[in-house]
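> Provided below are the primary sequence and the corresponding predicted coordinates.
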Amino acid sequence: MHKDELIQLHTLMAQIKRHFEYMGIDYEFSHYDSLAISPLHVHRSKAEHKHAIFVLGNDLASVFSKDDMSGMGRTSTRMQELAQRAGIRAIKSS
């Protein structure tokens, strides 16, 4: 994916996060928030946006998961694995 496409995806996912917060869904997005990156930070690297997408994807999947055996629970686990890999790449490219 190109950087602009990643930023578009990041924007969509951030909008979903904001919608959940607006709806009063009780979930802390602390890991994503600790990254201190938003889709508006276009100056940040492609790897950083990719890492943020995977972290946010993990958080969003966790909102839906009821247990580790559900489909969304498995998605959450996979997103967490991808976030870790992308984080390693982001650190190496900095």
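Looks like it arrived, so ask away.
> where does this structure dip in pLDDT?
Low-confidence segments of the chain, defined by pLDDT under 70: 66-73, 89-94.
> the helices in it, which residues?
3-22, 30-34, 46-64, 71-93 (DSSP state H).
> ranking those helices by burial, who's on top?
helix 46-64 (a mean of 21; mean count of other Cβ atoms under 10 Å). In short, each C-beta sits where N, CA and C put it, glycine included.
> the inter-axis angle of it versus helix 3-22?
30 degrees (axes from the mean of the first three to the mean of the last three Cα atoms, to 10 degrees).
> chain center to stretch 37-45: distance?
Relative to its parent chain, stretch 37-45 has a centroid offset of 13 Å by Cα atoms, centre = their mean, to the nearest Å.
> Repeat that for stretch 24-40.
8 Å.
> CA atoms only for that stretch, dumped as PDB, please.
Taking Å, rounded to 0.1, in the frame of the first residue of the first chain, the C-alpha atoms of stretch 24-40 are listed here in PDB:
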ATOM      1  CA  GLY A  24     -20.200   5.500  25.000                       C
ATOM      2  CA  ILE A  25     -18.600   2.200  24.300                       C
ATOM      3  CA  ASP A  26     -16.500   1.500  27.400                       C
ATOM      4  CA  TYR A  27     -13.100   0.700  26.000                       C
ATOM      5  CA  GLU A  28      -9.700   2.400  26.600                       C
ATOM      6  CA  PHE A  29      -7.700   2.900  23.400                       C
ATOM      7  CA  SER A  30      -4.600   3.600  25.600                       C
ATOM      8  CA  HIS A  31      -2.100   1.700  23.500                       C
ATOM      9  CA  TYR A  32      -3.200   3.500  20.300                       C
ATOM     10  CA  ASP A  33      -3.300   6.800  22.100                       C
ATOM     11  CA  SER A  34       0.200   6.300  23.500                       C
ATOM     12  CA  LEU A  35       1.600   6.200  20.000                       C
ATOM     13  CA  ALA A  36       0.700   9.900  19.700                       C
ATOM     14  CA  ILE A  37       0.100   9.600  15.900                       C
ATOM     15  CA  SER A  38      -3.100  10.500  14.100                       C
ATOM     16  CA  PRO A  39      -4.000  10.400  10.400                       C
ATOM     17  CA  LEU A  40      -3.400  14.100  10.400                       C
END
